[in-house]
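> Quick one, structure for this:
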Amino acid sequence: MTNERTVPLLPCASIVDIEAFYGVVGFRTTYKQRRPNACVGVQREDLQLQFFEIAGFDPEQSYGSCLVLTADIEGLHGAFAAGMRAAYGKVLVSGTPRMTRPRARKNADGLGGFSVIDPGGNWIRVFRDAAIAPMPATTPMPAGRLAKALANAVVQADSRGSVGQAVRILDSALARPQADDDPVEQVEVLVYRAELAMVLHDPAAAAEMLTRAKSVTLTEDESERAASAFDNAAELAAALR
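Numbers count the residues shown, from 1 in each chain. All right, here's what the predicted structure looks like:
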């Protein structure tokens, strides 16, 4: 049999908050009821989600999650980010709700992905659909010491939600600088460490890491390679204001 569809049904504390947030990132409401059980359905193109309300539900304790496979993670992330900027004046990178940036995932064969953590504490995990947009066969694994630390930290924080463990990995790597460290990798580690500091509600540490990233000496070629990291740094700096 073909043409089946699966729609995730996820918990939340308030369908009002869920409806408002998903409206910000471009979803329309397809269904809503208050009785006998409060629930709401939202849809953005082919992406459909449904939510049910639980009295006294704590989003911080949620195990709700689902996978979204797409050929264009950058486009979807950009659309969500634009909606957040329009509604909140910034991309939400800390608290609940929030959104991570697209990054290659070591624990997903290097596929790029990002996560949206919605007001219900649900992790909407967006990954590149390898069947539609396969990765190059020769995708290199992280080579440098700092790149390996970054890859391990991304697994802990962006995939598992273990932000504290990710911080320990990065702090350990940054505490032992080596002469042959790649300056671009150093920038990337510092910027990601700043992002994690914001998730942990530590703006002072975030600002310190961003300052350190700006102070790394780079060649013209290295500056080009670090452009994405500096774009992220600018977003984080704006969120700190």
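> For this protein, which element, helix or strand, carries the lowest mean pLDDT?
Least confident helix or strand, the chain: strand 103-104 with a mean of 85, by mean pLDDT, DSSP states H and E.
> Against which helices or strands is it packed?
On a contact count with 3 or more Cβ pairs under 8 Å, 6 or more residues apart in numbering; DSSP states H and E, strand 103-104 meets strand 112-117, helix 145-154. Where you see a C-beta, it was placed from the backbone N, CA and C, and this is true even at glycine.
> contacts for stretch 190-204?
93-95, 98, 100-101, 150, 153-154, 157, 163-164, 166-167, 170-171, 174, 205-207, 209-210, 212-213, 216, 229-230, 232-233, 236, 239-240 (Cβ atoms under 8 Å, 6 or more residues apart in numbering).
> Could you give me the ChimeraX selection string for whichever of those are buried?
This is the ChimeraX syntax for the buried subset of the contacts of stretch 190-204, where burial follows 16 or more other Cβ atoms under 10 Å:
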select :93,94,98,100,101,150,153,154,157,163,166,167,170,174,205,206,207,209,210,212,213,216,229,230,232,233,236,239,240
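> mind listing which of the contacts of stretch 190-204 are in strands?
Arg98 (DSSP state E).
> Any idea how far apart the tips of stretch 172-180 sit?
End-to-end distance for stretch 172-180: 17 Å, by Cα to Cα, to the nearest Å.
> Now find how far off-centre that stretch is within its chain.
Taking the mean of its C-alpha atoms, stretch 172-180 sits 26 Å from the chain's own mean (Cα atoms, centre = their mean, to the nearest Å).
> what comes up buried for it?
Neighbour-count burial for stretch 172-180 [16+ other Cβ under 10 Å]: Ala173, Leu174.
> List the contacts of the residue nearest in space to the middle of the chain.
The residue lying closest to the centre of the chain (Cα atoms, centre = their mean) is Thr100, at 1.5 Å. Going by Cβ under 8 Å, 6+ apart, Thr100 touches Val93, Phe114, Ser115, Ala157, Asp158, Glu195.
> right, and the first one touches Ala237 too?
No: contact between Val93 and Ala237 fails when scored by Cβ atoms under 8 Å: they sit 11.1 Å apart.
> Quick one: low-confidence residue ranges for this protein.
Applying pLDDT under 70 to the chain flags the ranges 1, 107-110, 133-142.
> where along it do the helices fall?
15-24, 73-88, 145-154, 163-174, 183-199, 203-215, 220-225, 227-240 (DSSP state H).
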